[in-house]
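# Sequence and predicted structure below; questions after.
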Amino acid sequence: MAIGSTVKPIGIAECDVDLVAHVPDIDTAISPAMLKARIGDRLRANGHYATLLLEMPRCWRLNYADEFHLDITHSIPNPGCTLGGELVPDKTLKSWKASNPMGYRAKFERRAKLRARIRSAFGWTLASTIAKDSVEPYPEQMKLKGLLRRTVQIAKRHRDLEFIGDTDGLAPLSIIVCAPTRSHRASRRCRRVCALCRG
């Protein structure tokens, strides 16, 4: 959602919104499972959220039926990252792993500003054209999405169509679908900076 590549789900009315609940004043001494439990306790204590709350393996979900569900994943500061990275729980909630959602967003935004240049058979360079497509705005409509965002949207739609009716959870996550588009030719000079903080 933050990078402007959201696509409307196929066959369901409910959108999936991911939220990172960053807790800045906690270090790795607390386990991911314990921090998740504490966040769950706070959400349950709130009368508004208690009825919407559903526990998931790595996060808490607030389920706004027939509208959207909000997956809340907790994070803490990554002391080994100088780029503002965070630590998020692994799938088992036993250890922390490096992530950098803000860095990823900033890097994606920089790359989305790049313009494709098309060279004709006669050697002329043509400015890229933006296809006028009807993509429902969520949360707000961008006037020009640009080539990178459109490419990500097409890849996500292809994934959705290929895995329609998938009940085994085999469809690739959105972050996996977005990752290959970051390596296009125009961005080679940026490869030495790791937005996901290798630590």
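Cool, got the structure.
# Quick check: D66 touching P9?
No. With contact defined as CB atoms under 8 Å, D66 does not count as touching P9 (12.0 Å). Every residue, glycine included, has its C-beta placed from N, CA and C.
# Of the two, give the one with the bigger neighbour count.
Taking neighbours as other CB atoms under 10 Å, D66 and P9 compare with P9 leading, 12 against 8.
# Show the pLDDT at that one.
As predicted, P9 sits at a pLDDT of 73.
# would you say it is within a helix?
No. Assessed with DSSP: H, G, I helix; E, B strand; the rest coil, P9 is coil; it does not lie in a helix.
# pLDDT below threshold where in this protein?
Residues of the chain meeting the criterion pLDDT under 70: 1, 12-13, 117-143, 180-199.
# Scan the chain for its longest helix.
When the chain is parsed with DSSP state H, its longest helix is helix 146-162.
# Who are the packing partners of the helix or strand following that one?
Later in the chain than helix 146-162, the nearest helix or strand by DSSP states H and E is helix 174-178. Contact here means 3 or more CB pairs under 8 Å, 6 or more residues apart in numbering; DSSP states H and E; on that basis helix 174-178 packs against helix 146-162.
# Can you show me the CA trace of the helix it packs on as CSV?
The C-alpha coordinates for helix 146-162 follow below in CSV (Å, rounded to 0.1, in the frame of the first residue of the first chain):
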residue,chain,number,x,y,z
GLY,A,146,5.0,5.2,-13.5
LEU,A,147,6.5,2.2,-15.1
LEU,A,148,7.8,0.5,-12.0
ARG,A,149,4.5,0.6,-10.1
ARG,A,150,2.6,-0.6,-13.1
THR,A,151,5.0,-3.5,-13.6
VAL,A,152,4.6,-4.5,-10.0
GLN,A,153,0.8,-4.3,-10.3
ILE,A,154,0.9,-6.5,-13.5
ALA,A,155,3.1,-9.0,-11.7
LYS,A,156,0.8,-9.1,-8.7
ARG,A,157,-2.3,-9.6,-10.9
HIS,A,158,-0.5,-12.4,-12.7
ARG,A,159,0.3,-14.0,-9.4
ASP,A,160,-3.4,-13.7,-8.3
LEU,A,161,-4.6,-15.3,-11.5
GLU,A,162,-2.1,-18.1,-11.4
